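**Q** structure for the following, please:
(2 chains)
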Amino acid sequence: MPSRRDLLRLLPLPVLLPLLSPRVGRAAITPESRKFLFVFCHGGWDPTYCFAPIYGSDAVDMESDSELATVGGLQFVDHGDRPTVRSFFERFHDRTCILNGFEVPSITHDRCMRLLMTGRSTDGTDDWGSILAGNALTDLPLPYLVMSGPSYTAQYTSSVVRVGSTGQLAQLLDGRSITTASMPVMLPPDFVSERVDAFVRERVSAWQAAARSVRQARVAERYGASLDKIQVASGYASSFASVSSGDARWGAFQTAVSSLAAGLSRCAVVEYDGLWSQTFDTHANNALQSGHFEELFQFLEDLVDLMDRTPGVSGATLSDEVTIVVCSEMARGPKLNSWMGKDHYTITSAMFVGGGVKGDRVVGAFDANMLGKPVDLASGELDDGGTALVAAHFGATLLAAGDVDPVEHIGAEPIEGIF
Amino acid sequence: MILALVLSCAPEVGEPAPREITPPPLYHVELSAPRLLRRMSLDLRGRLPSLEELDAVEADPAALATLRDAMLDDPALEDRMVSFLAERWQTRVDEFDVPYYDYGLANEEEFPYQQAIGEEPLRLAAHVVVNDRPWTDIVTADYTMANELLAGIWPIAYPEGASGWQESRYTDDRPAAGVLTTNGLWWRYTTNRFNNNRTRAAAVFRLFLCEDFLARPVSFSASGALSAGTTSEEAIRTEPYCVACHVSIEPVAAMFFGFWWQSQYSAVEMSTYHAEREPLGPDTLGVEPSWFGDPVYGLVDLGGHIADDPRFHRCAAETMAASLWRRDVELADFDRVESFRDAYEANGYSIKSMLRAITDDPVYRADSLTADAPSDVVDRELPVRLLSVDQLASAAEDLSGYAWTSGGFDLLADDSRGYRVLGGGVNGVNVTRPQQEPGVTWALVVDRLAQGAAFTVVANDFAEGADRRLFQHITRDTLPADPAFEAELVALHRRTLGDRPDAAWLAAATGLWEAVAAESDAAIAWGAVLTVLLRDPAYVSD
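**A** This is a model prediction of the structure:
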């Protein structure tokens, strides 16, 4: 009888999902087995359209006709144009935590992306997903699946698997990359490929055994591990092709869920680039933020529903074992500019949904000037004598939630009270 | 970066005193001559050494110097310089604000279009190197480099009857200051009505001084700069926290308003220089153009100031060392990088002289480190380096004739359809440093490229009456017992990996050939043998 993993491997996702059992209850997941799905919102969102209800301040331009709403322990910015934002919080507030008022200390998109995802502004660092995936309990075939969006690696390069913007990973796996190229090359028969693969493995092993330097041994070790992972990943080539068909963005979410559900990956990242792919970068006409948030939450609502229906590897459902991390590289400034837009701003918000998250909670806050309020890291409570939050704390919290020592990696303490 | 910051803080008073450079202790064990030849050939020509060249260094390792000097005069150096600089300058991006069809170009010209725009400044710099002109020309030259495509879409006078990349001149009366006045550079580092060329000023500092202003933290929490309703434009001028950096950025940004476009997505706007907008700089930014306090009168003068700045020359040494070492330059490399700069300055700002110095240096020539190497040296050095995706592509094409393309796209130089980043390359946007260790997609790219190259050259060389490209000793009927069989294996091993095979490898490769041939034919068997060589860890690294 095929195992659950065999079943997941053999069946394409659209066939598979209806067969999956419904959600039967929340199961406890240990940090070391927790998984992460990053939803990266490109362009720098405006927290005052969702997470930051800073009403009554002359220093902050809030959206007209919006109002403060409260659902469970969450307060958010509500507007009639964004019914899905409201319904999302109504349905999932008990497993949603908002982090407000942490700083990503730069004002350019590139550097802010790097800072948000690594805690540092320079090259040569790994992002949170790479570190978490690189420290997974087991040697996963596709540890960190990069569907789209930023990805930074240094030490954990071999943990990162990029799908490519038009399904290139699938083309490489199934061989279309060379059979359909301008100089088409027939794939050798399977028995030839198997013998070639075996030969290369032997060579890599021998090269490692005879290594004249630590570096050579490391390169060989990573090469060998990559060959092992390819063997497993080959069974999933069709799943990765989905990102190049139809609604690519939802296809990307589906593929990420499939990989997490099959136990192939510990982390995945999907970029959401805004309504009509216009990004959140609203230097002019800041009102476009509304449509971006509404569509984002439509995706998120569908995503949580999908994960609720999908069995987990160690939990009852995938929702139990996957934390959805929703973030953007920067925020928009408090005041509208002369183009009715808002310029880049460093102090922002993030949202955590699902596995292990202490729901109904907002950690951190903005003051009336849209500056972040200090927080007691040990409790997550506001504390005038506490710590001003930065991107490194955001990342440290994720690392700790995944049983990785954040101090060792980035020298920052996590914020307690989110997980 | 660390090096650049330290250097930028060093006093610059009068003539510098002669440096007494004490070489740091050496822990580097040198590569064998054939493997070192292979490394140099891949770095400087993008292709593997020939058997004749390998014979020469096997017979006399001193021949390396002569061969290296010949490589520096090889036209292929231009493409290699383009590749090196592309990783640092990050102009080879997949998409620009104006798409190819806005110029009426056909679909098959999409890739050549994006490639040509991104390469314009790189080609200019590479042209300076190949012709051994002073490196300062990259910011002072009165020409650009263009190919037929760029000359067809932009106001450029291109030599009549010529083809390929040629010295050319813009005809829109723009000032001529090397790469500083190329469309290609400023299409990559674009701006808008909110940014007002500040991105471009930051790019000038990063590319030419190795000073990365954007790596400096910006904290509104710490400064309170935007509190009480202050706008960002006001804060930049009045808030000390912001002024600290912007006092250097704004006067340089003010010089680029000839490249300031009314619309970011207009071919008409973006193709030409707008001299009439130059006065907008001081008006918009509220500062007069200057270079760290020295008044500057236009972009030509800016190029002169950059060329006179000692940091420009240190940055050149840092850039070239990092490119050839395949790692960042660190503080511990200070003296070594200074020695490269000395060689370059002593020969009239010659990058070729610098490349000679770098390739003569033990760090570049290292195969491994001695057992007593301290941990910081072990952590820093990369005695084994993965080939870049450019090197994988060019070496495979030279060896086999296989060009991995589709729909006009070079699939190892693009990410919209291709495998550049998946193969370990840089996309210039969110992947800004080449991959240094194997990963899943890298191994897949290596695998497919090896298959494509191996079976292409086998099909060519085994065709009736073919002009053989790689296989020299065997025919379809050659069997392992024939002396020609082993001769071919040895030649293939040397050609791909640089050194001679040992008996164990010969036995294993023969076994592979026999097993495959038994179930298919000799051509597929030789394809299999070549495939394993092109996937060998000693092939994909140097």
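**Q** can you give me the strands in the stretch 401-542 of chain B?
**A** Ranges of strands in the stretch 401-542 of chain B, per DSSP state E, counting those that start in this stretch, are B:405-406, B:409-410.
**Q** now do chain B
**A** B:28-30, B:144-146, B:156-157, B:166-170, B:290-291, B:294-295, B:366-369, B:405-406, B:409-410 (DSSP state E).
**Q** which of those is buried the deepest?
**A** The highest mean neighbour count among the strands of chain B, using mean count of other CB atoms under 10 Å in any protein chain shown, belongs to strand B:144-146: a mean of 28. For glycine as for every other residue, the C-beta is placed from the backbone atoms N, C-alpha and C.
**Q** what's that strand packed up against?
**A** helix B:110-130, strand B:166-170 (3 or more CB pairs under 8 Å, 6 or more residues apart in numbering or on different chains; DSSP states H and E).
**Q** try it again at 6 Å.
**A** Identification of packing neighbours for strand B:144-146 by 3 or more CB pairs under 6 Å, 6 or more residues apart in numbering or on different chains; DSSP states H and E yields helix B:110-130.
**Q** contact partners of the helix it packs on?
**A** Under the contact criterion CB atoms under 6 Å, 6 or more residues apart in numbering or on different chains, helix B:110-130 has outside partners B:77-78, B:81-82, B:85-86, B:91-93, B:96, B:100, B:105, B:137-138, B:144-145, B:147, B:149-150, B:165, B:179, B:182, B:184-185, B:187, B:351, B:408-409.
**Q** got it, and stretch B:503-519?
**A** Looking at what lies outside stretch B:503-519 - CB under 6 Å, 6+ apart - the contacts are A:192, A:195, A:199, B:480, B:489, B:524-525, B:528-529.
**Q** now do 7 Å
**A** A:191-192, A:195, A:199, B:480, B:486, B:489, B:493, B:524-525, B:528-529, B:532 (CB atoms under 7 Å, 6 or more residues apart in numbering or on different chains).
**Q** I'd like to know which of the contacts of helix B:110-130 are buried.
**A** B:77-78, B:81-82, B:85-86, B:91-93, B:96, B:100, B:105, B:137-138, B:144-145, B:147, B:149-150, B:165, B:179, B:182, B:184-185, B:187, B:351, B:409 (16 or more other CB atoms under 10 Å in any protein chain shown).
**Q** which ones among the residues you listed lie within helices?
**A** Under the assignment DSSP state H, the buried ones among the contacts of helix B:110-130 contribute B:77-78, B:81-82, B:85-86, B:137-138, B:149-150, B:184-185, B:187, B:351 to helices.
**Q** ok, so of these, who is nearest chain A?
**A** Proximity of those to chain A (CB to the nearest CB) peaks at B:Ala86, which lies at 15.4 Å.
**Q** tell me the pLDDT of the closest residue to the closest one other than its chain neighbours.
**A** Nearest non-adjacent residue to B:Ala86, counting by CB to CB, 6 or more residues apart in numbering or on different chains: B:Arg92, 4.6 Å away. In this model, B:Arg92 is scored at 96, pLDDT.
**Q** B:Arg92: what's it in contact with?
**A** By CB under 7 Å, 6+ apart, the contact list for B:Arg92 reads B:86, B:118-119, B:428.
**Q** thinking again about what came up before, which stretch among the strands of the stretch 401-542 of chain B comes nearest chain A?
**A** strand B:405-406 (4.5 Å).
**Q** hmm, that closest one in reach of chain A?
**A** Yes: Strand B:405-406 reaches chain A (CB under 7 Å from any CB of the partner chain) through B:405-406.
**Q** return the distance of that strand from the chain's centre.
**A** 22 Å (CA atoms, centre = their mean, to the nearest Å).
**Q** for stretch B:100-111, same thing?
**A** 25 Å.
**Q** same question for stretch B:279-294.
**A** 32 Å.
**Q** spell out whether that stretch and chain A are in contact.
**A** No: Stretch B:279-294 stays clear of chain A (CB under 7 Å from any CB), getting no nearer than 13.3 Å.
**Q** give the contact list for residue 367.
**A** With no chain named, the answer covers chain A. Contacts of A:Asp367 by CB under 7 Å, 6+ apart are A:Lys373.
**Q** that's the wrong chain, I meant chain B
**A** A:212, B:29-31, B:35, B:383.
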